[in-house]
Every structure is written in structure tokens, then in C-alpha cells.
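In: this is a predicted model, with the sequence first.
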Amino acid sequence: MNRVETVREEIALLEREDRRTEEENRFLQRPCPVGEFVSLITPDYRYASVNSARAEAHRMSENEVIGKKVSVILGEETFEKIIRPQVDKCFRGEVVHYQSWFEFPDTGRRFWEVSYYPYREDGEGITHVMVITRDLTDRVNLENQLRQAQKMDVIGQLAGGVAHDFNNILLAVLGFTELAMSKISPEDRVHSLLQQVIKAQNRGVSLIRQLLSFSRTEKLLAENLDLNPVIGDMLKMVRRVIGEHIELKVESAEKLEAVHADRGQLEQILMNLCVNARDAMPQGGTITIGTGQNRFDSKFCRQYPWTTPGEYVSLSITDTGTGIPREMVDRIFEPFFTTKEAGKGTGLGLATVYGIVKNHKGMIAVETEVGQGTTFRIHLPVAAEGASNSIEVIREEPAPTGQETILVAEDDEQARDLARSILEEAGYRVFAAENGEEAIRLFEEHLGEIDMALLDAVMPRMSGLSVYEKISALRPETHVVFCSGYSREVAGLSSDKEDAIDFIPKPYGSRDLLKEVRRVFDRV
């Protein structure tokens, strides 16, 4: 080979190198999405080039990374198990794509999408492997949260529907039992047996309220409250429930803004979480109840997508128990899901907490590690005004009677028969309809006779609200009382009509119904 040919070869080699370097740099230095790492790996498993994001991830400059072995940068175990097999496939001409969770000392547990591409120079074979790694953790977390929220909404709708139907059953059990008890002497053995039925019914009502709390259809009796006194008032009961083998600590912030909340439901949150913590520490341990105040700005919320910007009062319950396995964390708020053995729990405790928190427009998060304990953090929005600790005292009054005429519209046969029996026992004249259309027909036939309509808010073919509108048009002075196993809002009786519409929730006792009917009749 003469000198000219030698020079031509050298020029061609330099041109190829320039083209490769230009192409490589154009790709490596292009604007990359946040969390995208790009690198070129040589046949001897060294970094030939990296983009700035890849270098910064290792807290190094690009020049410090280039030339070093991949095993040195990522660790020998990671290299042998994860990187080397894929790089070898690429040098054999394959393209590799996969997604998975990885945990590294410098980044923690993240979800990565990794692609390996054979890198060829002009007219040559594969000289490098290009690795593109994208951090999809935030997107995956958001997608998981969306799926979880959608799943919980569907389960909530199902729970609300079951609660509504079960309310009608409990209504019949309670009402007919009370009627039976009124016919016999309190000294009669049967009377005491029926009292046991009432106790069982009350347990059913408690379960229904938990389902309604989860499905976020339970009506709030909210007031502005300071969370610290609410916790303080509950400590004696909590200590009695968790037992002497568990230490209870309280770490309260000195001053908190008020939250607009239902005191009873806040107490239920505290009790449910403390009982849950107790069950995670069968051999004893420590429960720490903490309060604080936080402000979540938009930057914080981008980092933790489950949060919403705003001012919040926080409640935390921390235990030193067994922790929750990672694969179960996404299911712990589902009703009837429990990690306890059969007969040891209903699976409604955490579901109830979840529903109450969402009903208060709050947020809940769990931090847990198997063998290291669990922390539940609840954030409730700060109230617009200051706290009030007033408690309304309600005096019990005897059930009243009457002689007016009442139209009952109820699609559930037992609930309809019960309402009719209660009202007729109290002296009222009653017409009963099994749906809205029949109610309108009876009202028109007895126009001028019917003084009140007791309407189930949710009925097939025609809702109670539609019946109410027709009755009001025919005879505006007719009194109307709605009843439902759903809350007022879910039943279609929106809050803007609350002052004009009278409502009694199911299941109601005979005394509750008679008092409400008389109250409406006697209202000036």
C-alpha cells in the first residue's frame, strides 16, 4: 500500500469516526424527557458515552463516567444479573425492551422502562449497545392511584346499594319487633327475647353505618373542632380498648387550626386505627398518636400525587407492629378485606376510616414495612372559622299520636306495611301505595282528604321527588316527609332544598317516625 492509499484510509477512518461521534452526540445531547438516561456501552462493558442525566444520577460528571466499567458504576451484582445478559443479546443483534421495578442505593425503588439497541457504524457490524432508561415511577403511581380510586368508587357504589336494601330489612325487623313488644307485658319472657332481637338489629345498623361511611353517603353532623381536645377526650377509652400490654403515647402540636368535621366520625377514625394497631402487636408494643399542621403547595403535590394543595390538620397513628406486606397495601381499604384470621375481624375498620376521610374531603396515606410497623396519616382541610366544642343536648319525648290522613308511598313491601302499622297504631288514617304512580292516583282520588305524604325518596318508575312535585302542584298545603336508606344528597334531595324538605333516614324506629310526623304537622 503506497502512501496515498494509506492517507486515504486514514481520512476515511477519521470521517467514519467523525460521523459516529456526531451521530452519537446528536442523540446523547438532544433534549431528553425528565428521568431519561442514555448511554453507549462497549463490547468490554464500559461506558463509551452518557448523557448528563445518566451521569448526574450517579453524582458524577460525564467525563468521570466515560471509560469506566458498568459493573463499577452500577455494582457487580446488578451488572451480572440485569445488565450483562441484555447487552450480550444486543451484540448478537437483538433489540430488548422491558419494564420493571428496580431498587438501587442511589435512587431507591423506582419503576423503569429499559430499551437496549444494537448500535452500528456505517458499513460495520455492531460496535456498541445503546441503552435508554426512562423513569416511569410517577406515571405508574398516578395510574395505580387512578385505578385504585375507580375501584374504590365502584365498591363504594356497591356498598351503598347493599346498605340501602339492608336498611329496609332492618327497618322491618326493628319496627315489627317494637310493635310486638308494645302488645305484651315487660314482665313476659317473650318481651325479653324481643329485646335481644332489638340488640341484634342495632348491631346491624352499626355495620350499615360503616358501609355508608365507606361509600361516602353518610350525612355529616359537622362542626368546627380542635382535634387535640377530641383526642384527649378519647384517650381513656382508647387505653381501655388496647390493653395494658401496649404503651400509648401522644405527640400533639401545641396549636392547631380548626377542622370542619363530625365529632363522632373523628372518634371512630381514632378508635378504628388504634384497634387496628393493637391487633398488629399481639405481643405488645407502642402506639403513638400525633397531630400537626401542614401546607401542601403545588410543588409538594407533584412529588406526592395523592395530595391536593391547601392547608391541612394532620392526624397520625403509628404502631411498632408487624407491618403490612407490600402486595396487600393497595387492598387494605376495601370493605371485607382483612389480613386477620376468620372470626377476628369484619374487614370494615379501615374501609370505614377511608370513607370518613373522603367524606370530609381529606386524604389518607399509609407508610409500612414488614416487621417495622405502620403509620397512617390523615390530613383534613382547615375550617374557614374557629373551633367550637359545644354539644347539643337532645331531650327524649314520648311518641305522639294523631288523627290525620297520611299517604305512604314505599316500594319495599315490608317497609310499607311497617309504616302503615306504626301510623295506624298511633291513630292515623293511612293509604298505602307501592310506587309513585299509584301514589299520584290515590292522591287524586282522595284529593282534599290526605294531609301528609310519607314518600320513599328512591322508587322505580317515579322517584319520591317527582311525586312530591305533582302533589305540591295539586294541593300545595299537603305536608311531605321523605325517607330513604340513602343520605339526603344521594337520594336526590340536594342541600339547596334542605330547608324546604323534611327527611327521616332508614332504618327508623316507631318513635322516630311518629315524632317526625307530629313535628311536621305541628309546625307553624
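Out: Ah, there it is.

In: quick one: low-confidence parts of the stretch 101-250 of the chain?
Out: In the predicted model of the stretch 101-250 of the chain, residues 104-108, 122-123, 141-165, 201-221 satisfy pLDDT under 70.

In: then the stretch 301-450 of the chain?
Out: If you take pLDDT under 70 as the line, the stretch 301-450 of the chain has these spans: 302-307, 335-349, 385-398.

In: can you pull out the strands in it?
Out: Using DSSP state E, counting those that start in this stretch, the strands of the stretch 301-450 of the chain run over 310-319, 363-369, 373-381, 405-409, 429-433.

In: the stretch 151-300 of the chain now?
Out: Going by DSSP E, counting those that start in this stretch, the stretch 151-300 of the chain shows strands at 222-225, 246-251, 259-262, 285-296.

In: what do you get for the stretch 1-150 of the chain?
Out: 36-41, 47-50, 96-104, 108-120, 126-135.

In: now those as JSON lines including distance to residue 485 and mean neighbour count?
Out: Just so you know, the C-beta spots here come from the backbone N, C-alpha and C atoms, and that holds for glycine as well. Shown next, in JSON lines, are these (distance: least, C-beta to C-beta, whole Å; neighbours: other C-beta atoms under 10 Å):
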{"stretch": "strand 36-41", "distance to residue 485": "53", "mean neighbour count": "22"}
{"stretch": "strand 47-50", "distance to residue 485": "63", "mean neighbour count": "22"}
{"stretch": "strand 96-104", "distance to residue 485": "43", "mean neighbour count": "12"}
{"stretch": "strand 108-120", "distance to residue 485": "43", "mean neighbour count": "17"}
{"stretch": "strand 126-135", "distance to residue 485": "48", "mean neighbour count": "20"}
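
In: who wins for proximity to residue 323 among these?
Out: Nearest to residue 323 among the strands of the stretch 1-150 of the chain is strand 108-120; the distance by C-beta to C-beta comes to 15.7 Å.

In: what residues does the closest one touch?
Out: Residues from elsewhere that reach strand 108-120 (C-beta atoms under 8 Å, 6 or more residues apart in numbering): 40, 86-87, 89-91, 93-104, 126-137, 140.

In: try it again at 6 Å.
Out: 86, 90, 93, 95-99, 101-103, 126, 128-137, 140 (C-beta atoms under 6 Å, 6 or more residues apart in numbering).

In: ditto for stretch 363-370
Out: Contacts of stretch 363-370 (C-beta under 6 Å, 6+ apart): 323, 324, 325, 357, 374, 375, 376, 377, 378, 379.

In: could you rerun that using 10 Å?
Out: With contacts defined as C-beta atoms under 10 Å, 6 or more residues apart in numbering, stretch 363-370 is touched by 269, 273, 280, 296, 304, 306-308, 310, 312, 314-316, 318-319, 321-326, 328-329, 332-333, 350, 353-354, 356-358, 373-381.

In: make a PyMOL selection of the buried ones in the residues you listed.
Out: Selecting only the buried entries of these in PyMOL, with 16 or more other C-beta atoms under 10 Å as the criterion:
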select buried, resi 269+273+280+296+307+312+314+315+316+318+319+321+322+323+324+332+333+350+353+354+356+357+358+373+374+375+376+377+378+379+380+381
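
In: tell me which residue is most central in this structure.
Out: residue 354 (4.6 Å; C-alpha atoms, centre = their mean).

In: gap between the closest residue to it other than its chain neighbours and residue 358?
Out: Of all residues not flanking residue 354 in the chain, residue 333 sits nearest, at 4.0 Å (C-beta to C-beta, 6 or more residues apart in numbering). For residue 333, the distance to residue 358 equals 10 Å [C-beta to C-beta, to the nearest Å].

In: in the stretch 51-200 of the chain, what residue spans correspond to helices?
Out: Assigned by DSSP state H, counting those that start in this stretch, the helices in the stretch 51-200 of the chain fall at 52-57, 62-65, 70-74, 76-78, 84-91, 137-182, 189-214.

In: show residues contacting stretch 239-255.
Out: 226-229, 231-232, 234-235, 238, 271, 274-275, 277-279, 281-293, 313-316, 318-321.

In: can you tell me which of these are buried?
Out: The buried subset of those (16+ other C-beta under 10 Å) comprises 226-228, 231, 234, 238, 271, 274, 277-279, 281, 285, 287-292, 313-316, 318-321.
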